Each structure stands twice: as structure tokens, then as C-alpha cells.
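1. Pasting the sequence and the predicted coordinates here, then a few questions.
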Amino acid sequence: MSIVEIQNLNLYYTEFHALKQVNMSIPEKSITAFIGPSGCGKSTLLRTLNRMNDMIKGVRIDGKININGTNIYDPDVNVELLRKNIGMVFQQPNPFPKSIYDNVAYGPRIHGITNKSELDEIVEKSLRGSALWEEVKDYLKKSAYGLSGGQQQRLCIARALAVNPEILLMDEPTSALDPISTLKIEELIQELKKDYTIVIVTHNMQQAARVSGQTAFFLNGEVIEFADTVKLFSNPEDQRTEDYITGRFG
Amino acid sequence: MSIVEIQNLNLYYTEFHALKQVNMSIPEKSITAFIGPSGCGKSTLLRTLNRMNDMIKGVRIDGKININGTNIYDPDVNVELLRKNIGMVFQQPNPFPKSIYDNVAYGPRIHGITNKSELDEIVEKSLRGSALWEEVKDYLKKSAYGLSGGQQQRLCIARALAVNPEILLMDEPTSALDPISTLKIEELIQELKKDYTIVIVTHNMQQAARVSGQTAFFLNGEVIEFADTVKLFSNPEDQRTEDYITGRFG
Amino acid sequence: MAHSKETRRIQQRRTTNKMVHVLFFLCTLIGIIALALLLFDVLRKGAGYLDWQFLTSNSSRFPAKAGIKTALVGTLWLMLIVTPLTFIIGVSTAIYLEEYAKNNWFSRVVQINISNLAGVPSIVYGLLGLTIFVRYFDFGRSILAGGLTMTLLVLPIIIVASQEAIKAVPMNLRHASYALGGNRWTTVVRVVLPSALPGILTGAILSLSRAIGETAPLVMIGAVSYIAFLPNSIFSPFTVLPIQIFSWSNQPKEEFQNVAAAGIILLLILLLTMNALAIFLRNKYQRK
Amino acid sequence: FTLAACGNNGGSNTAGGNTAAGGNNTGTEQAADLKGEIRIDGSSTVFPITQAVAEEFMAVNNGVNVTVGEGGTSTGFKKIINGEIDIADASRHVKDEEVADLKAKNQEVVEMPIALDGITVVVNKENTWAKEITVDELKKIWQKDSTVKLWSDVRADWPKEPIKLYGPGTSSGTFEYFTEEINGKKNESRTDYTPSEDDNVLVTGVAGDKNAMGYFGFAYYEENQEKLTAVSIKADANAPAVAPSVDTIRDGSYKPLSRPIFIYPLKSALAKPEIAAFLKYYNSEEGQTLVEEVGYIKLPAEDYQKNLDQLK
Amino acid sequence: MPRSNSKVDLKKRKSYFSMDFIMPIVLALFAGISVLTTIGIVVILLTESAGFFRHVPILDFLTGTEWTPLFSEKSFGVLPLVTGTLMITVIASIVALPIGLGSAIYLSEYAPNRVRAIVKPILEVLAGIPTIVYGFFALTFVTPILQTIIPQTEIFNALSAGIVVGIMIIPMISSLSEDAMASVPASLRNGAYALGSTKLETSVKIVVPAAFSGIVASFVLGLSRAVGETMIVTLAAGLQPRMSLNPLDSIETLTAYIVSVASGDVRAGSVEYQTIYAVGLVLFVITLLMNILAGYISRKFREVY
Ligand SMILES: Nc1ncnc2c1ncn2[C@@H]1O[C@H](COP(=O)(O)OP(=O)(O)OP(=O)(O)O)[C@@H](O)[C@H]1O
Ligand SMILES: Nc1ncnc2c1ncn2[C@@H]1O[C@H](COP(=O)(O)OP(=O)(O)OP(=O)(O)O)[C@@H](O)[C@H]1O
Ligand SMILES: [Mg+2]
Ligand SMILES: [Mg+2]
Ligand SMILES: O=P([O-])([O-])[O-]
């Protein structure tokens, strides 16, 4: 069953046509990877899914994105609620300049949870969920900036989990990390698939091949090919996909 | 006959030992390429040749560099004269925010030439020398910032030629340029070899192979191998050189 | 996708956000409103008095005959001292700090000094000028004493602006010059200063407009209540626009309020022109 | 009357035309060859006259530059002692110490009374109660350590409103004269009032404050009659209440606050033609007209003649 | 082009009379002028007030509650002037801090680019208006309005002057705070928005705390300006030194006292004259401490994002 349905989506940055006629359906509790050369529109499409593009001046969108059957671009959609339902993890770890605890508790708090023990529970659950609990449980009141890059990224994942989303968007979540942290996060992503629908943008084709169930290959704002990862990598239908995955450009 | 003789050169950035026991002699009117992975010390060695490192705090040098038989680190060496004698071209084209003419005339002027017709002559000769004359001769009074990146870089070469140097140092002179401009500059370098001794740092092994007569391969501040370019690329003596030129790391 | 309770809460958060948005906007508006009120008030009172006669007469005990010529000329004389001095001293200091002595004890002392001087109240400069220039050097209550005091007062402004401008000159231009055998001074004069000039000029204009508007230190070192002739040397007694405005606004006669307002209009026109020039310079050259 | 043409031609301000009020003197035949600077400072009470004289004088003698300050009488004397000015305006006689200080510098000043003033006690226009006041009541208000806080502390039937006081600063001749005449001891006064050497500030203060009271020279009241009310003074409980006016000050019935006011040129400066000319002008008919125009009371003609005689 | 085999003599001597040699010395001399200025200020304030403190014990000066140095019976307690200054500062901060911060948040977080492009120059203009103009505005515009609203307002009063001083420092606080918030990286905002924060929550819970040191520093700097402000208070706040807590009363500030004495000109060398240096010293020390504090806060607590 597909949770996200993208239909005839076009996106313009003022004049620039950044996404062209995108159609895609993303199944529930799966991992979808977006690959393609730099500037092809991967991040742009990812950001349309939780309407983070709203923040950018001059963005114009047409087409539809249905999530759980609601077109998220309907004028009466509540953006805050949408974003609560769709977590996002960025390329650079971006913890708030607060304690580890407050980072994770931030989301629940703004959404109205004030009860201390309830918060404690959410924080622990989220940190466990992002495989960070054991490492930080004694330092919850310490600043998040004391953590390593990989830990910070997992903290950001925990922060996203804390508001109980259905979907997790990740924009090159490991590209700023060392190989060991990368591995940890990849494992974590595999783990998270059980409970969440995950969309991940990556530059690293190996990573896409390792973690994802299906992969979309982008070029110049178009989705060239969208297929099961195994199929796309072993037997691409489009010549351009093949050129890209064999390293002929990009 | 060698014009530059480097003997047991060591360079430290405060604590960090950036060049280790470098020995090299660079023949006159030849092109020498420095290659090696990022951070191995190529630029650092290049800058020792015209003492641009003097400008950096905490640099310590021991060993000798003889140019035309004079140790340029002797205390009574006139650095301005040295630099006049050794032109330098940088990675990013860096023309002055002045007219094309004034850019080229800058060097001669600061060294005391004020006569208009003499300057005109030098400007023309230098711009011809950098294969730019035909393109700009009608726009000499226009700002250099109106030129394309490749033209700017050739302007910088003309500027260096205008003070009549013996040696030209080039630090990745094409890495910020498009392929066509790169080709033009490579041709120009070949041309300049007739009159100048050229030392060029490059990331691009093909470029080193194409333009240089001899190549030095650097690793972690050491010169691993210094040999005729043809020999170094076809039959390297050191395993690490081979690993690098075959793309196994770097 | 959502429970109605949650929807309601979010609705409420959105409403709060909207209300506070308006509130913050009003905060910003207050500045603009204050400016508008001030301009309106001044224009209403002074516009009728601002005419050619006002510009070309001396001050008088009759409001209708009072003019601002002496003060205007006094301000120009003051600028004649302040402009070259601040420019030379300010730019030299900035060059020294940015190009020569980046990190020795002297430059650190100077740097700390400048940031502290920028925060010293102008009245303290008045005390300094009164004691040193008026009394110790015995320049009297003259343009020279006023100009020197003002110079010291506005120096930090031009120094900081020039430093910023010099810092913004890309390093690689300096390297290009050094690599051609240029020495430091050549590089500074031929490469750094030309590139930094727009920024330096902006700073110079801003510091001059401060010097034009500053009142307290000059009240301390030299205000004469009634002066109705033009200065003829830097040792002449003088008055300047803000001081003339000050003494007019002290007058109880209603009409003098209007004369003062006319003076303010003139002062503001002068300053706005200078500010506009500074902003124009900055915007024109910032793009590069 | 006409002046004898004494000294140099520069001072020949004998043109009978009384043009001072309009201030348009340009037509007269003045010798414009006078040059120089005249620096004047001192009494703010005298300031309006001196300013007016300076303005008219400069309109005729545009080679002469006159600056006039109003730092207060004591300031004027201090500056003349320091050699910073040529003429001191004063609303009291020069003191012995000041004469001594001048002497120490080999200097001397010449006293020239130039008008009569009546220190005027003023209240706000909206003040309906204080129409007249006795000297004793004034003393009660202004004396050192006065306990008067409310108007009703002065007179029981006056309102229970705080009384706000404005008066000249301590370097004022007016302050010295008032404290001496009213409080009985020179320079002794309560201190919790708003002092300013600039009488305009006092006018603004009293005019802007319903419960205010202040005192300063008559001219400042005259100039601002529409904003201030002058309080009539009773020399004692049984004496008649006398309001300050040209007549009551001239005939001395405005007691005890009537007084002469002065200018004190340096004796050594009299030799300078531009200063002599200025003083001649000051004491001429035009000068006397200006005295009246700004609100003060002319002295008898012989007094001006005496002043002029000192110039010879 | 180069002469082959020609050897350039690299050891040609440099002249010691070259500009390159002389100019650094000249420039250093000019740079020294700013140091001399500070030394001048400190020396003058200290030596002149030393004379004062020979007559008046420091403790009496700092703790006395009556300030009548010019009257025959002299008291030298500086507290009334200090409280007058504080009163102005407090009123100004009540006006300027919330409004300045609010407008900084608006400009940094809410305003569309076009609005910001218009408003920022206006604020700059506001910051460039001479204080004498504000003083005139306070006396002839704000005070009459206050008097209609609250009839017992004195013509010279702390409230009007304080409000206008506040208006004067709004642009400074707004623009410095805005700079501080602008340097908070966009990634933090994105993190907050992605969790479903509204703009308000993002600004108040993420941006403002992250920029807190810069904001506090701008507050302290603004207040230090208020402490040192002279013309507004001289024109509009009055000249009566008293320890009043009523903002409708007229008061006298440190700065207004200095101006009134200096323009009244008491005899140089007398104790009365030296009071302005003692008062100037107090003013200098207060503002210096505030400026140092502001610098310290913004350095010490600067966030490393
Ligand atoms: N805010 C913006 N305004 C204008 N154009 C933009 C903006 N953001 C992105 N673009 C353009 O849209 C295109 C797609 O950008 P996007 O960031 O989606 O690429 P990407 O595939 O994520 O690349 P990368 O791998 O480098 O992150 C690019 O050409 C980019 O220059
Ligand atoms: N100013 C400096 N201070 C301290 N260390 C420096 C400085 N410049 C360079 N280094 C260090 O010295 C080493 C050599 O630097 P260098 O710039 O010579 O490398 P490179 O071979 O030119 O690399 P690249 O190809 O990236 O330009 C590097 O490890 C670098 O970090
Ligand atoms: Mg991207
Ligand atoms: Mg390099
Ligand atoms: O006339 P005075 O200013 O000295 O009162």
C-alpha cells in the first residue's frame, strides 16, 4: 500500500524549472533512495514532501502530492501538523544549542506535552530508537555540541522520532560523517524501516544499493527511472541510468 | 643546467612538519610538475621558491634553495627582487580590479617604469606572450573583471611575464577553469617553456603527463619520486607512486 | 491524519503566531512612526521659516529675521578641520592595524582602545576638549578646539569602517602584488586602498555626519549664545547648526521653536543627503 | 541730545533717526572701516539689551564682530578677570574681590549703569490664587532649608498643591540680589529648585507648569507676558501690593526688587576704537530705545551722559 | 624575453629611506593617537578629580544624597545625579528593549525581503539623527502630549526624556540584535520547522536563545548609550538633582550637570569646577564597565554552532 502519491509534480524556482512532471508512489514501511548527479533535484523533491520549500522565496508548485490520501498542497492543510507527521534529517547534523535532553524533548514540548515523566519516557524511547541511548544516558543534561558528528546525527534522528512521525525524510544523512558513523546510521535506518516509511537522498550509490528497497534516478529535474533497487542497479532500463551507475558521468 | 637547487629542505608550520628533507634540482627552461594527493605539500614547496611563505606566521625553514647559485634564504637577499625574478600564477585567477592594461602594467610600474611608450610595449609583448593580445587589444581600458575565467587566468600570466621573470610558478592554474580554457592554457605553457623555467602544481595527472618534462610525486611532505615524466608514469620505481598514478588512492 | 484535539491545539499555536507576528510588526512600525512623527512635527513647525532669507541671515533677536548663516558656515569650517584629520588619522590607523601589525601588543592595545573609545559618551570628549584644547593648549573657544575635539570623537567610527573595508579586500589580490615583487607599502597604496575606498568613504561620511550633528561636546567647549558674524580663521569663535538649534529651542518665544525647527530641517536635509550618499556608495560597490 | 564728536570718527552715531526698533539701519552713513572683535559675557538679565545693541551695532559696523554670552554675572566677571572678554554684563555691582583680582592682573573695569530692572516673581497663567505676595512669604518660600512644599504652606487658603520652584543659578547677579533682599543673607537659598543660568529655561519651566513659581529679570517677563503672570509684591503686610511695571520700577515703588543693571568694560579696552564706538552706541539714544524695546526701564539721561564722559 | 644565463643579483640592497620602511612608523604614530586619546581622558579625569577628592571624601561623594555643590551650603553627594541617570536609563530600557527585540525578531524572522530592504535603511536614518533633534522632539512634542494625558507632569520630566532616549536607542538595539540572529545558521531554523514549529516557536525557542549573547550585548550597549546621552536630558529632563522615583518629576542626570556647569563656567581650579570632572569620572567608569561587559558577554557566550 503506498503512503505517498506524487502526481504530475512540477516545481519552479522563480523561472528555473527544477522538477519536471514527477510521478512516484512510495510504499509504506519501505526505504526509498533518490540518486542522481548534483543539482538534479533530489533535495528539492524531498523537501516538497514536508513542504519545507514553503520557506524558500519564489518557489511555485503544480501537481499533487497525496499523503495518506490528503493532498498536502490543499490550502487548508495544516503545515505544522504535516511536518510533525513527517520527520526530516539533514545533511549536516543540526542539533539545537541545548542539552541532549532538550533537543529530543523540543518537538513533544512544542506540540503540547509538558508532563515531565511523559517527556522522560519519550526521550528515552527516541534515543533508544536511534541507537544512542546507551552512549548518552548519563549525559542527558550536557550540551548536544559535545557529541561527535555521528552521535549528533543520531541525536537528530532521535529528535525527529520523538514527535512520532510516520515518514522520515533524510537528505544525505551520512555525507558529513566518517565511515564508522556512516555504517552505524545505515544499520539504524534498516532498523527504522520496521516502523517508518523512509525516503533517503544519497550521493553514494553503494549506500543506495545497500539500504534501499527501491531507488529513483534523477537527471535534470526528471525522474528517469524508478524501480526496485536490485533491478535498477543490475538491469536498468534507461541508458542514462546505466551510464550513471557505472560511473560514466556524475 | 639546473637553475633551482633544493637541498635538504624542511619546512614546519609551527609544529607541523610539512616538508621533509626535500632535494630536487630543476633544469632551466623545462616544465616540472608537482603531483600528489591533497595536503601533501605541493603548494608549500612551490611557495618556498619565491618565499611567499614568508607571509605566513609560524613558518620555519631549514635547508637551502639555490637559484642561479644564490641561496634565496640568505638574510641579505632582496625578496622583492627575488619575486620579480620568479613569477607566480595562482589557482584562482586574481586580476586586480583595474583595467586590463593597468593589470599588466602594475608590475613594471612598481619597479619604476613610468614611460608611457615603454609600458605600452611591455603590455603588448606580455599579452602576446600569454596569447591574449588578439582577444583584448581593443579593450585594454576595460575592467579585467569583464573577462572570462580563462582569459583572466591568461591575464594573470601576462601580468607575471611583464616583469620579465626567469621562472614561472603555477599553482593549479587550470583547476578553476572549464576544459576549453584549460586546453588553451596548457598550450600556452608549452609555448612559454621556450623562454622560461616553469614549475606547475596540478591535481590532474593527465595534465602533468601532457605538459611536463619531469614530475615530482609528493606524499605527506616527502618527495617520493622525481623523474622524467614519461618514466614516472610508465615505469615508476616506488610502489606508492604506482598506486597513486593508477588511481588506487588520492 | 490528525485528531481533532491536536488540530485544535495547532490551530491555537498558529493563531498565537499570527498575533505575535502583528505585535512584532508593530514594534518595527514604532521606529518608523517615531520617525514620521518627528519629521511631521519638525516640518509643521519649521517649513514656513525655511526660506532664502533664513539661509542668508545671521541669528537675530527677532524670530522673523533670525537666520542660520553663521551656524551653517561654522559647521562648514568645522568640517574643514574634521574631514582631513579624521580621514588621515583614521585610515592610517586602520591600515596599520590591518596590514602591518596584526598581532603585536601595540596593535592589540590600539584595537581594544578603539572599541572602548567608541562607547565613551560624547560629553566626556567635551571635558577632554575643554581641558586640553581650550585651556591647556590655549586655543580658546575656537573652531580649532571644536574641530580637534570632534575629530577625536568620530575617529573610532571611521577607523572601524575602514578596517572592515580593508579586511574585505581579498587576500589573493595582495598575494598577486607580492608575487610580482611589490612590497607592503606598494601593495597597500596600489591594491588595497583602491579596493577598500568605497567602504572607507562610507565610513568617512558616517563619521562626518556624526560630527555635524553632535552637540554636547561643543556646548562644553565653546557655545556662545549670540554670534552674528562669520568666522575668519580657525581661531575664531563660532557656532554650529546643532548649537544654534539648541539655543533657539531654549527660547520661550513660540516663534523661536519654529525657527529651531527650520534649523532642524536644514540639518536633517544635510544629514540625509550624506547618509543617502553613504548607502548609495555601499550598495554600489558591495556587489562585487 | 547730540553727542559731542569725541575721539575718533568711528563712533559718530549721531544720526538722530530712531531706527532701532525695526533694526534696519543700513541706510546710515556709518564708517564701515571699524574692525575688530568685541567679546561680551555675563548677566543673562542684561543679555537682551546687549544682544539687541550688538545686533544693531553690527548692522552698521559690519567690520566689527560682537559675541555675547549669558553665563551669569559672576561668570562674566570671572571671564573678564581671565582676559577672555572685553565687557562684562552684570546685574549687580562688581565685588571688592573681583576688583582685587583684576588689580592683580593690572586691570580695571569701568562701571556703566545702563538700565533699571525689577526682578519679577512669576507664576503660571493658570495660577488663579497667587495674585500678590508679601516679602515675608517670599522669604518663607525661598529661604535656606525652607519647609514649604505646598502652596498651602505659604498661605492656608492657597491650594494644597506642590509648589515647583524655578530660579537663576548661583553665578547669577539676580540670585545674589534676590537672596540678599528677600532671604536677608546673600547667596543663602533653598537648593531644591530648578536652577538655570539661562532665564529662557526658567520661563519655559514656569510657563509649562501650573504649580510653578520663579523669578528673573523684568525683560523676560515682558517678552512672555502672554504665558506668565507677574505676582505683585507687598513690602510688608500692610504695604500696598505693587505689580512690576515700567512706572513702578522707574519711580521705585516696586520694592524691594528694583535695581540698576550694568555693563563693565575693561578700562584698558576703552582705547580701542571699536569698543569705544560700541559703548557710545550703547549709551546713545538708539541704545536707550533698545533698553526700552527689550523691556527694561531707561535711566535718567544724565546717567548715560556720565557713562559717555568716562569714555573720554 | 629573459636574458638567458643572465643572473639577476638578488642581493641588491634596499634603501632605508624607502616608503616601505618609513610608512609603518608613520602609520603607527597615527594609530597611537587613539591611545593618547584614552590616556588623555583618563589622566584628565583622574588628576582633576583628585583635586576634588582632596576636599570631598570619596565616600561622602558616593553615598551622599544631596547634590548642591554650587550653593553656599555645599553638599557633594552624587547619588541624586546617579539615580536621575538610572531613571532615564530604566525608562529608556522599558521602551527600547522589548520594542528593539521585537522589531529585530520581526526583521530577522518574519519580514519579507522587500520589507526588510525598506525598513533597515529607515532604522539607519533613525540612528543617524542628532540627539539635539530628539531633545527638541521630547520637549516640544512628547512632553505636551504627556501633560494632556497626565496633568501633573512637570514641563521638564524624566518620563518624556526617558521615552525619547528609548526611541533613540531602538535602532541600535534592533540592528545589533538582528545581526546576532542573522548569524544563527539556517540549519537550526530548518531543524525546528521540520519538527512542526511555528515561526514564533522557532524564533523564541531556537533563534533567540542561540543568539542570546549577541542580544544581551546589544542591550548593554544600548543602555550604555542611554547613560551617556546628554542633549535629550539637558533639554527635556530638567536640572534639579533629586532622589525622586516619580518619572513625572524633573531630575538631573550626570551628563546634564556637566553641561550646565561647563556652559555656566565656574572658575577653573575651584572645587565647583572640579565637580564636573568627578561627575565625568563616574560617568566614564559606568559606561566603560558597561561596554566591557557587553564585549565580554558577546565574546564569552558566543555560541559555536
Ligand atoms: N533556493 C533555490 N533557489 C533557486 N534555485 C535553487 C534553489 N535550491 C536549489 N535550486 C536549484 O535547483 C536545482 C536542484 O537543486 P537540488 O538542491 O534539489 O539538487 P540536488 O539534486 O539535491 O543536488 P545535490 O546533490 O548537490 O544536493 C539545482 O539546479 C539548484 O541550483
Ligand atoms: N598556513 C598554514 N598553516 C598551517 N598548516 C598549513 C598551512 N598551509 C598548509 N598547511 C598544511 O600543510 C600541508 C601541506 O599543505 P599544501 O597546501 O602544501 O598541500 P597541497 O599538496 O598543495 O594540497 P592541495 O592539493 O589541497 O592544494 C597540509 O597538511 C596543510 O594542512
Ligand atoms: Mg541536495
Ligand atoms: Mg595546493
Ligand atoms: O543677570 P544674571 O544672569 O546674573 O542673573
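-> Yes, it's here. Quick caveat: nothing in here was measured; it's all calculated off a predicted structure. Ligands and ions are numbered 1, 2, ... in the order given.

2. What's the nearest residue in the stretch 201-305 of chain E when you look at ligand 1?
-> When scored by CB to the nearest ligand atom, the stretch 201-305 of chain E has E:Thr202 as its residue closest to ligand 1, at 18.7 Å. Quick note: C-beta positions are derived from backbone N, CA and C, even for glycine.

3. which stretches of the chain form strands?
-> In the absence of a named chain, chain A is used. Under the criterion DSSP state E, chain A carries strands at the ranges A:2-13, A:16-27, A:31-35, A:59-67, A:70-71, A:86-89, A:167-171, A:197-201, A:214-219, A:222-228.

4. The intended chain is chain C.
-> Counting by DSSP E, the segments of chain C that form strands are C:226-227.

5. Helices along that one, start to end?
-> For chain C, helices defined by DSSP state H occupy the ranges C:4-46, C:52-56, C:69-95, C:105-117, C:122-129, C:143-167, C:171-179, C:184-187, C:193-213, C:216-222, C:241-249, C:254-286.

6. do chain E as well
-> Using DSSP H, helices in chain E cover E:19-55, E:58-63, E:79-105, E:113-128, E:131-137, E:143-149, E:158-182, E:186-194, E:199-201, E:208-210, E:212-228, E:231-236, E:254-264, E:271-300.

7. Chain D: which of these is closest?
-> When those are compared by CB to the nearest CB, helix E:254-264 sits nearest chain D, at 4.5 Å.

8. Identify the residues contacting A:Phe135.
-> If you look again at residue A:135, you'll see it is Glu, not Phe. By CB atoms under 8 Å, 6 or more residues apart in numbering or on different chains, the contact set of A:Glu135 is A:Gln151.

9. pLDDT at it, what is it?
-> What the model reports for A:Glu135 is a pLDDT of 91.

10. Return the distance of it relative to A:Leu155.
-> To A:Leu155, A:Glu135 is 10 Å away according to CB to CB, to the nearest Å.

11. How about the lowest-mean-pLDDT helix or strand in chain E and ligand 5, touching?
-> Ranking every helix and strand in chain E by mean pLDDT, DSSP states H and E puts helix E:254-264 at the bottom, with a mean of 83. No. Applying CB under 6 Å from any ligand atom, one finds helix E:254-264 separated from ligand 5 by no less than 9.8 Å.

12. C:Gly129 - how many residues pack around it?
-> Using other CB atoms under 10 Å in any protein chain shown, C:Gly129 has 27 neighbouring residues.

13. Please read the previous query as pertaining to A:Glu242.
-> Neighbourhood size, A:Glu242 [other CB under 10 Å]: 16.

14. Does it touch A:Asn235 like I think?
-> No. Applying CB atoms under 8 Å as the test, A:Glu242 and A:Asn235 come out as separate, 9.1 Å apart.

15. Skipping adjacent residues, who's closest to the residue of the stretch 101-250 of chain D found nearest chain B in space?
-> Closest approach between the stretch 101-250 of chain D and chain B, counting by CB to the nearest CB: D:Asp198, at 55.0 Å. Nearest residue to D:Asp198 in three dimensions, chain neighbours excluded: C:Asn250, at 5.8 Å (CB to CB, 6 or more residues apart in numbering or on different chains).

16. quick one: that neighbour from C:Leu97, how far?
-> 42 Å.

17. mind checking how far the residue of the stretch 151-300 of chain D found nearest chain E is from E:Leu146?
-> Proximity of the stretch 151-300 of chain D to chain E (CB to the nearest CB) peaks at D:Gly208, 2.8 Å away. According to CB to CB, D:Gly208 stands 11 Å off from E:Leu146.

18. Nearest the middle, which residue of chain D would you pick?
-> With distances taken as CA atoms, centre = their mean, D:Thr45 lies nearest the centre of chain D, 2.7 Å away.

19. which ones are touching it?
-> By CB under 8 Å, 6+ apart, the contact list for D:Thr45 reads D:73, D:89, D:91, D:117, D:172-174, D:199, D:216-217, D:219-220, D:261.

20. backbone phi and psi for it, please?
-> Backbone torsions for D:Thr45, taken as degrees, to the nearest 10, come to phi -70, psi -40.

21. Name the nearest residue to it, ignoring sequence neighbours.
-> Sequence neighbours aside, D:Gly217 is the residue nearest to D:Thr45 in space, at 3.5 Å (criterion: CB to CB, 6+ apart).

22. any idea of the pLDDT on that neighbour?
-> pLDDT, D:Gly217: 88.

23. pLDDT of stretch D:41-54, averaged?
-> For stretch D:41-54, the mean per-residue pLDDT is 89.

24. Give me the distance from that stretch to the chain's centre.
-> 7 Å (CA atoms, centre = their mean, to the nearest Å).

25. what does stretch C:35-50 give?
-> That offset, for stretch C:35-50, works out to 21 Å (CA atoms, centre = their mean).

26. repeat for stretch E:237-255
-> The chain centroid and the centroid of stretch E:237-255 are separated by 20 Å, computed with CA atoms, centre = their mean.

27. Enumerate every residue touching E:Met230.
-> Check again: residue E:230 is Thr, not Met. E:Thr230 sits next to C:121-123, C:215-216, E:131, E:255-256, E:258-259 when contact means CB under 8 Å, 6+ apart.

28. Report the two of the residues you listed separated the most.
-> Farthest-apart pair in the contacts of E:Thr230 is E:Thr131 and E:Ile258; separation 14.8 Å (CB to CB).

29. show me where pLDDT drops low in the chain?
-> I went with chain A, as the question did not name one. With pLDDT under 70 as the threshold, chain A has low-confidence stretches at A:247-250.

30. wrong one, chain E
-> Applying pLDDT under 70 to chain E picks out residues E:1-8, E:11-17, E:263-269, E:302-305.

31. Close to chain A: what parts of it are there?
-> Neighbours of chain A within chain E, by CB under 8 Å from any CB of the partner chain: E:112-113, E:185, E:187-188, E:190-198, E:201, E:205-206, E:209-210, E:303-305.

32. buried subset of those?
-> Neighbour counting by 16 or more other CB atoms under 10 Å in any protein chain shown classes E:187-188, E:190-198, E:201, E:205-206, E:209-210, E:303 among the residues of chain E next to chain A as buried.

33. Give me the distance between the most centrally placed residue in chain E and E:Ile163.
-> Residue closest to the average C-alpha location in chain E (CA atoms, centre = their mean): E:Arg225, at 1.9 Å. Per CB to CB, E:Arg225 is found 15 Å from E:Ile163.
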